[in-house]
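Asks: coords below, sequence missing:
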């Protein structure tokens, strides 16, 4: 008997899954940590988004929890490796969102804890600079670019909770 696994696909993922044929669903949920890095420029909050290596869609830096590191430390490390941005992470996530990871013939659910990271430095060259594009965008721009609506909703809620700055 085949076990039913709750894997919700967005339109892009459903199209990708249809293109590759039958997939085997992996039970359980994989936990990752992501970084919603932000800074203030001229009274407007900006956030960092990057392209994913495989599909080129706009996302927040994220990755598997590194052994011996907290989720917050992992988020800051992924931000450094994937976006060339250094910052101080909050120890508490602003929330979580779920997505499906498709690597034919497998598909599974990933839950990402999203940590706010206050930017302290930006590198001109970094580990994955040849593999990804990085942008500093306003919240309004991010809502149009981010691949998952849940990412934008979490980011907006956090930024609006920070007093004194326009979200834009």
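Replies: In hand now; what should we look at? None of the values given here were measured: they were computed from a predicted structure.
Asks: what segments of the protein are helices?
Replies: Here the chain has its helices, by DSSP state H, at 11-20, 71-83, 139-145, 149-161.
Asks: counting contacts, what elements does the second one pack onto?
Replies: The contact analysis (3 or more C-beta pairs under 8 Å, 6 or more residues apart in numbering; DSSP states H and E) places helix 71-83 against strand 24-41, strand 44-51, strand 62-64, strand 85-89, strand 106-122. C-betas here are computed from N, CA, C, even on glycine.
Asks: hang on, the earlier thing: what's the least confident stretch among the helices of the chain?
Replies: For these, mean pLDDT drops lowest on helix 11-20, to a mean of 56.
Asks: so where's the protein uncertain?
Replies: The model of the chain has pLDDT under 70 over residues 1-25, 27, 163-168.
Asks: most neighbours per residue, which of the helices of the chain?
Replies: Ranked by average neighbour count under the criterion mean count of other C-beta atoms under 10 Å, those are headed by helix 71-83 at a mean of 23.
Asks: do you know how far the residue most central in space within the chain is from residue 43?
Replies: In the chain, the centroid-proximal residue (C-alpha atoms, centre = their mean) is residue 60; its distance is 2.9 Å. Remark: distance between residue 60 and residue 43 (C-beta to C-beta, to the nearest Å) = 23 Å.
Asks: same deal with residue 124?
Replies: For residue 124, the distance to residue 43 (C-beta to C-beta) stands at 25 Å.
Asks: more neighbours: those two, which one.
Replies: Taking other C-beta atoms under 10 Å, residue 124 and residue 43 do not tie; residue 43 has more neighbours (9 against 6).
Asks: what about residue 82, distance to residue 104?
Replies: Per C-beta to C-beta, residue 82 is found 23 Å from residue 104.
Asks: repeat for residue 77
Replies: Counting by C-beta to C-beta, the gap from residue 77 to residue 104 is 28 Å.
Asks: can you redo the helices and strands packed on helix 71-83 as a markdown table with mean neighbour count and distance to residue 160?
Replies: Converted to a markdown table, the helices and strands packed on helix 71-83 look like this (neighbours: other C-beta atoms under 10 Å; distance: least, C-beta to C-beta, whole Å):
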| stretch | mean neighbour count | distance to residue 160 |
| --- | --- | --- |
| strand 24-41 | 18 | 12 |
| strand 44-51 | 22 | 9 |
| strand 62-64 | 18 | 22 |
| strand 85-89 | 20 | 19 |
| strand 106-122 | 19 | 12 |
